[in-house]
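S.K.: Starting from these lines, generate the structure:
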Amino acid sequence: TVPGYVIYLLQSTPAEAAAVRKEILIAMRHILTAQELRGAFVPHLGDLMEDSVLIGSGWTCQEMHRPLAYSTLADLVHHVRAELNLERLIKAVLLFLRNVQDDSLPLAIQTM
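M.R.: You can find the predicted model right below:
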């Protein structure tokens, strides 16, 4: 499935390949514009909420791509919120609460 391939690409992208990760995140954002594909990401939401998968371990990715990654994830959670179980909702709330308190993120990302 498309979400499975996106997760695989995010997991297998080397830490030093920040430009590749950015392109994957941008492609994921475009994929999420298709309503029929959003629901397919729900089973993979737990993986996407892991920073090591979504953002990666490279310094550039963590510093430069976090706003893009978190805004993409916020859009996904917003659109599929009715399909989420309690466990995933709690995990999403905790993740976004952590982002609200992170002064290194832009204000627009903190308020999502």
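S.K.: pLDDT of the host helix or strand of I90, averaged?
M.R.: Remark: I90 resides in helix 86-100, with elements defined by DSSP states H and E. Mean per-residue pLDDT for helix 86-100: 88.
S.K.: which other helices and strands contact that helix?
M.R.: Packing partners of helix 86-100 (3 or more C-beta pairs under 8 Å, 6 or more residues apart in numbering; DSSP states H and E): helix 45-48, helix 66-80, helix 107-110. (Glycine included, C-beta is placed from N, CA and C.)
S.K.: Could you point out which of these sits nearest A27?
M.R.: With C-beta to C-beta, the closest approach to A27 among those belongs to helix 66-80: 10.1 Å.
S.K.: orientation of the closest one relative to helix 86-100 in degrees?
M.R.: 150 degrees (axes from the mean of the first three to the mean of the last three C-alpha atoms, to 10 degrees).
S.K.: For M64, see how far away L45 is.
M.R.: Per C-beta to C-beta, to the nearest Å, L45 is found 24 Å from M64.
S.K.: These two - which one has more neighbours?
M.R.: The residue with more neighbours, out of L45 and M64, is L45; 19 against 15, by other C-beta atoms under 10 Å.
S.K.: Just to check, the more buried one is in contact with L76?
M.R.: Yes: contact between L45 and L76 holds when scored by C-beta atoms under 8 Å: they sit 7.3 Å apart.
S.K.: Who are the contact partners of the residue nearest to the spatial centre of the chain?
M.R.: Closest residue to the average C-alpha location of the chain: L73 at 3.6 Å, with C-alpha atoms, centre = their mean. L73 makes contacts with L48, M49, L54, L95, as judged by C-beta atoms under 8 Å, 6 or more residues apart in numbering.
S.K.: Chain neighbours aside, what residue packs nearest to the first one?
M.R.: The reference is to L48. L54 (5.4 Å; C-beta to C-beta, 6 or more residues apart in numbering).
S.K.: Please tell me how far that neighbour sits from L73.
M.R.: In terms of C-beta to C-beta, L54 sits 6 Å off from L73.
S.K.: likewise P3?
M.R.: 13 Å.
S.K.: Please apply the same query to S57.
M.R.: 17 Å.
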